[in-house]
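Peer 1: Just need the structure, nothing else, for what follows:
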Amino acid sequence: SKRTGTATKSTRQKEAALINSSLMKLMRCLHTLRDNQSSSSAAMVPFRESKLTHLFMNHLTGASASRTGMIVNVNPSATDYDETQHVLSYATIAKSIVISEDDQERKRRGDHLAHTHDSNG
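Peer 2: Just a heads-up that it's a prediction; the model follows:
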């Protein structure tokens with residue numbers, strides 16, 4: 001988010017700080033989803049850390065996950081270089097996450113829980 005230009009903590013600055021915090025938590029979720037794809041052990045995705053990530057939880061892991069897309073908007077201005085780099089970093093991570101409809105069907109059936117329990121339940 002943009003700087004508001006005032007020296008004191010205004011309402012806009014507090015709101016911007018909260019938005020940035022939620023976006024960092026979203027990045028943590030995206031990193032975890034990507035890492036879970038390439039490892040045999042699945043780490044817990046921290047969706048409940050913010051309202052934003054909790055809102056996106058079903059879109060990233062639920063029935064609609066294989067149809068979820070991301071639109072990225074960047075500004076070519078040199079003054080927004082850092083912001084553009086962060087946006088492109090998010091896009092790179094999000095692009096590397098692939099959730100197939102077969103994976104979603106297995107999750108709906110409960111096949112993903114089979115490795116968490118032994119034969120005694």
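
Peer 1: how about the helices of the chain, start to end?
Peer 2: 11-38, 51-61, 81-96, 101-109 (DSSP state H).

Peer 1: Confirm for me that Asn58 is in contact with Arg67.
Peer 2: No: the criterion here is Cβ atoms under 8 Å, and Asn58 misses it with Arg67 at 11.8 Å. Placement of C-beta: from N, CA and C, glycine included.

Peer 1: The two: which is more packed in?
Peer 2: Asn58 (13 against 10; other Cβ atoms under 10 Å).

Peer 1: Please name the residues that touch that one.
Peer 2: Residues in contact with Asn58 (Cβ atoms under 8 Å, 6 or more residues apart in numbering) are Ser64, Ala65.

Peer 1: 6 Å instead, please
Peer 2: With Cβ atoms under 6 Å, 6 or more residues apart in numbering as the criterion, no residue contacts Asn58.

Peer 1: Can you pull out the low-pLDDT segments for the protein?
Peer 2: 1-9, 66, 100-121 (pLDDT under 70).

Peer 1: if you set the cut-off to 80 instead, what comes out?
Peer 2: Counting by pLDDT under 80, the ranges of the chain that qualify are 1-9, 40-41, 62-68, 98-121.

Peer 1: Flag every buried residue along stretch 85-93.
Peer 2: Neighbour-count burial for stretch 85-93, counted by 16 or more other Cβ atoms under 10 Å, picks out Val87, Ile93.
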